[in-house]
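Engineer: give me a model of this one.
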Amino acid sequence: MQCRTNITVWKVLFTFLVLSMVVFSKKTLAQENIDNQIVVMFKSGIVSLPDGRDRANLDEATLPTPLRTLLKAFDAQEIAKGIPEFQRSDTLRVLPDGRLFKVPDYTNLFVITLPTGLQREALVDSLVRFPIVVSAEKNQRAILRETIPNDTHFQARQWNLKNTGQFGGTPGADVKATFAWDITKGSTSVILGILDYGIQSGHLDLQGKVSGDAGYSVSHGTHVAGIAGALTNNNRGVAGVDWNAQLVSQRIDLGGIPEIAQAVNDAVAAGARVLNNSWGLPSYSTVLYNAFLSAYQADVLSTVANPETGATGEFPNSFGTWIMNVAATTNGDAKASYSFDRNYTDVGAPGGNADGVLERNIYSTIPDNTYGYMAGTSMATPHVTGIAGLLLAINPNLHNYDLEWIIKRSANDIPPTGRDPSTGYGRVNAYEAVRHVAAPYQITHGNATLTKTNNNIQVTFLAPPLPELAAGTYWVDRWQLEAVVNFNPIYSQTPWAWLSQTGYSAANPNDAKEYMYENSTTSSTTIRTFFYYIRTNLLGQTINKWAPMDPNILSRQYAVLGTPAPLAVTITGPTSLGYKQSGTWTANASGGTGSYTYEWRFRYNGTGPWSSVVGTSQTYTRTMLDTDFELQVKVTSGGQSVYDTHYVDYGVAKEGVADSDVTVQIPEQFALHQNYPNPFNPTTEIKFELPENGYVTVSIFNAVGQRIRTLVDEPKTAGYHSVVWDSKDESGHEVASGVYLYRIYVRPANASGQPFKAVKKMTLLR
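Structural biologist: Numbering: from 1, shown residues only. Down below sits the predicted model:
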């Protein structure tokens, strides 16, 4: 009676749902799109897919008829597992300290794809009324958090910080400041030097931030200062790239070369970590060259605006590879027409269009507590200065060369692609820069080696090797600065690497480009650059100068920036031993953030409590008795611990029993063993055990759950089996380094037997 009543209620409910639905026209299923999906958690046993399948159409899936009818009414043609690799055994997990925690049973979680997202609300509303549905909701992607300041003119006029397409611009053609501000807004302990024509320190959007020289002669310096570090989120005016940095003003309009050199020295003495230079000189100056080189030796980064149309001179841009040169980009994410192409260009940054439409230029502070538009590479440079300030707010121990390379490596490449004279490495991206400095990223420094590779050879320089020397052929010694580093622990992804000094190339010395060779993997890096000691010219006149700089007066280091791979450990060694046979097992640790410590334990028959610690080295040796046992190792690195277990069965004849009397061993239960070796390159062996005959599928998946190779897909007899993976995909192409999953699925020949599933991880290191 109760059963009939439930069926009646079910039919009535379903009839109501179908009648109350909006009827949609039938459409072809579009390409999979999260915006067209819903996520449903069903009660246990309600929905299933064909064996070995992660997704299926509605006709292939096992569904209650009312549910199938409802989904077809919405034109849903595919249903997929939400987390394909999840097994019911995963619902109970053990923390490193031994505590248990329960995870929801995601074997009942499914994703349903619709033709368009327009139907999602109606289907979710219908599904939540079904008794078999635990929850139903729209699928969603994670959205980067961003900080929108309340400054009056920010959203309407500061496209350089957040470009939404204002004034015909390209959305996203900005420095991504709003996303960077969600990580850091800067620090008052960071000082940025503004070498310019003075700043109105009393401006309402600069009050309390400016020290140094008083007064100003034109609006230029005040405008530049506002871009780099205006007061932000103060309900007035504009936002600055660095909300909190302090600004030290050093005027360069009050004299000549001696006064400019003094301005550089005073800014460094005042604690400035970055010097913003939105100006240029018509010709080379030895005095200023030495002033900027001295600042670099003091670990200060100098940002310099590229020359513009009609400007004369290439200085301080051409002083050396330690100068960070900035080109200008437009609100359409292209190089500005007035920004000269130069081989020494490092990056581009918004500088305005200068096309007659004021709103396409850069809006910032100008004297008399007002605001205005300006365009130029002068406006581009303080964006880079402000980003450097944000990086120092996160990690004040970054060196000047770290700041430069992080900003360059994180820039968005814009046409022409690749490093080019127009915008160097691309338009700067504040978010990507600060993201690579914040946790979990870590930066490591070490010593690089300077070695003479060629003695007194003729080398032709395609451009002036030094500002005071002409292009041409010279007698030189060639020196190589190089670091070859093997990482321990390894990195989860290929890290960035650079040297503290950047020289010229060996094959094509000084076409006015810096040269840095880098070949990095998750486990090693090789970085090199070249310096030249110029002895004489072809006339025999003595020169005795280093180009592009003397590598002996600066630190010779390398830097590596990345995220250490997660701590992992795998036990390798015998899986079967005979009576009184001895075995040795090794804990193969990888990842983590430091050296490894080991703790070994064991227990008989794989049950009961673990023993106390029986070994603390990487390997452990013991003798087999007449019973199975299980080993466990705990590896600790940098305060984190991981575990692995290894089962050893008593699978060989006892002492004194002839081989002819030994019966072939059949496993008592299904098992999937850890691959060996692990990590591996390029092959690894996967062993599995079958207590009965069955149809076996062994597949390889990448870290995001995509099947890339099926190794076994055929019937197998009971016993011990193995298969080798050669780290190639189904098409025969080698796959990249990384973490992979391998899964076994066994359908027993006995129709009443329960299928066996198991998944394990392995690491490929090229």
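Engineer: contacts and neighbour counts: CA atoms only from here.
Structural biologist: Noted.
Engineer: mean confidence for stretch 46-54?
Structural biologist: Across stretch 46-54, pLDDT averages out at 90.
Engineer: only C-alpha atoms, please: export that stretch in PDB.
Structural biologist: C-alpha atoms of stretch 46-54 as PDB (Å, rounded to 0.1, in the frame of the first residue of the first chain):
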ATOM      1  CA  ILE A  46      19.700   6.800  -8.700                       C
ATOM      2  CA  VAL A  47      21.900   7.600 -11.700                       C
ATOM      3  CA  SER A  48      24.700   5.600 -13.400                       C
ATOM      4  CA  LEU A  49      26.600   5.600 -16.600                       C
ATOM      5  CA  PRO A  50      27.800   2.700 -18.700                       C
ATOM      6  CA  ASP A  51      30.800   0.900 -17.300                       C
ATOM      7  CA  GLY A  52      34.100   2.700 -17.800                       C
ATOM      8  CA  ARG A  53      32.400   5.800 -19.200                       C
ATOM      9  CA  ASP A  54      32.600   9.300 -17.600                       C
END
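Engineer: which positions within it qualify as buried?
Structural biologist: 47-49, 54 (16 or more other CA atoms under 10 Å).
Engineer: contacts for it?
Structural biologist: 55-56, 60-64, 80-81, 84, 108, 132, 697, 745 (CA atoms under 8 Å, 6 or more residues apart in numbering).
Engineer: so which of the residues you listed belong to strands?
Structural biologist: 55-56, 80-81, 697, 745 (DSSP state E).
Engineer: could I get the contacts of stretch 46-54 as a markdown table with neighbour count and distance to L293?
Structural biologist: Shown next, in a markdown table, are those (neighbours: other CA atoms under 10 Å; distance: CA to CA, whole Å):
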| residue | neighbour count | distance to L293 |
| --- | --- | --- |
| R55 | 20 | 62 |
| A56 | 17 | 66 |
| E60 | 13 | 72 |
| A61 | 18 | 71 |
| T62 | 15 | 73 |
| L63 | 16 | 73 |
| P64 | 11 | 76 |
| A80 | 21 | 61 |
| K81 | 23 | 61 |
| P84 | 17 | 58 |
| N108 | 22 | 65 |
| I132 | 17 | 73 |
| T697 | 19 | 65 |
| Y745 | 21 | 65 |
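Engineer: just flag the most distant two among the residues you listed.
Structural biologist: Among the contacts of stretch 46-54, the pair separated by the greatest distance (CA to CA) is I132 and T697, at 31.2 Å.
Engineer: could you list the low-pLDDT ranges of this structure?
Structural biologist: For the chain, applying pLDDT under 70 flags the ranges 1-32, 93-100, 311-312, 510-512, 606-607, 651-665.
Engineer: all helices of it, in order?
Structural biologist: Taking DSSP state H to define them, one finds helices in the chain at 2-20, 65-73, 120-127, 154-157, 177-180, 220-229, 257-269, 286-297, 377-394, 400-409, 430-435.
Engineer: now distance to D713 and mean neighbour count too, for the ones you listed, in TSV please.
Structural biologist: Compiled in TSV, these are given as follows (distance: least, CA to CA, whole Å; neighbours: other CA atoms under 10 Å):
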stretch	distance to D713	mean neighbour count
helix 2-20	41	12
helix 65-73	30	16
helix 120-127	37	18
helix 154-157	58	19
helix 177-180	47	24
helix 220-229	62	29
helix 257-269	69	18
helix 286-297	63	18
helix 377-394	52	29
helix 400-409	45	22
helix 430-435	44	23
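Engineer: the residue lying closest to P307 once chain neighbours are set aside: neighbour count?
Structural biologist: Residue nearest to P307 in three dimensions, not counting chain neighbours: F340, with 5.9 Å by CA to CA, 6 or more residues apart in numbering. Neighbour count for F340, taken as other CA atoms under 10 Å: 21.
Engineer: against A506, how distant is F340?
Structural biologist: 27 Å (CA to CA, to the nearest Å).
Engineer: one more: T329?
Structural biologist: T329 is 32 Å from A506, where distance means CA to CA.
Engineer: between those two, who's got more neighbours?
Structural biologist: Shown here are T329 and A506; by other CA under 10 Å, T329 has more neighbours (32 against 16).
Engineer: hmm, A354 and that one touching each other?
Structural biologist: No. Using CA atoms under 8 Å, T329 makes no contact with A354, being 10.5 Å away.
Engineer: find residues that contact each of these two.
Structural biologist: By CA under 8 Å, 6+ apart, the residues touching both T329 and A354 are A336.
Engineer: disregarding residues adjacent in the polypeptide, which is nearest to I199?
Structural biologist: Once flanking residues are discounted, I199 sits nearest to T222: 4.4 Å by CA to CA, 6+ apart.
Engineer: try V759
Structural biologist: Closest residue to V759 apart from its sequence neighbours, by CA to CA, 6+ apart: R743 at 4.4 Å.
Engineer: and if you look at D35?
Structural biologist: Closest to D35 by CA to CA, 6+ apart is G117, at 5.7 Å.
Engineer: can you get me a residue count around that neighbour?
Structural biologist: Using other CA under 10 Å, G117 has 16 neighbouring residues.
Engineer: what do you get for N702?
Structural biologist: Neighbour count for N702, taken as other CA under 10 Å: 17.
Engineer: I'd like the distance between it and T147.
Structural biologist: 35 Å.
Engineer: ok, now Y647?
Structural biologist: Y647 is 52 Å from T147, by CA to CA.
Engineer: before we move on, what about K757?
Structural biologist: 46 Å.
Engineer: those two: which is more packed in?
Structural biologist: More neighbours surround K757 than the other of K757 and T147, with 21 against 15 (other CA under 10 Å).
Engineer: report the contact partners of the more buried one.
Structural biologist: 87, 743-746.
Engineer: do the same with P495
Structural biologist: Residues in contact with P495 (CA under 8 Å, 6+ apart) are 520-522, 560-563.
Engineer: tell me where the stretch 301-450 of the chain has strands.
Structural biologist: 301-305, 323-329, 347-350, 362-366, 370-374, 442-447, 449-461 (DSSP state E, counting those that start in this stretch).
Engineer: now the first one and helix 286-297, what's the angle there?
Structural biologist: Going back to what we said before, that points to strand 301-305. 130 degrees (axes from the mean of the first three to the mean of the last three CA atoms, to 10 degrees).
Engineer: quick check: neighbours of strand 301-305 in the sheet, parallel or antiparallel?
Structural biologist: strand 274-277 (parallel), strand 323-329 (parallel) (DSSP bridges).
Engineer: right, and D341 touches P421 too?
Structural biologist: Yes. With contact defined as CA under 8 Å, D341 reaches P421; the gap is 4.9 Å.
Engineer: contact partners for Y517?
Structural biologist: 526-529.
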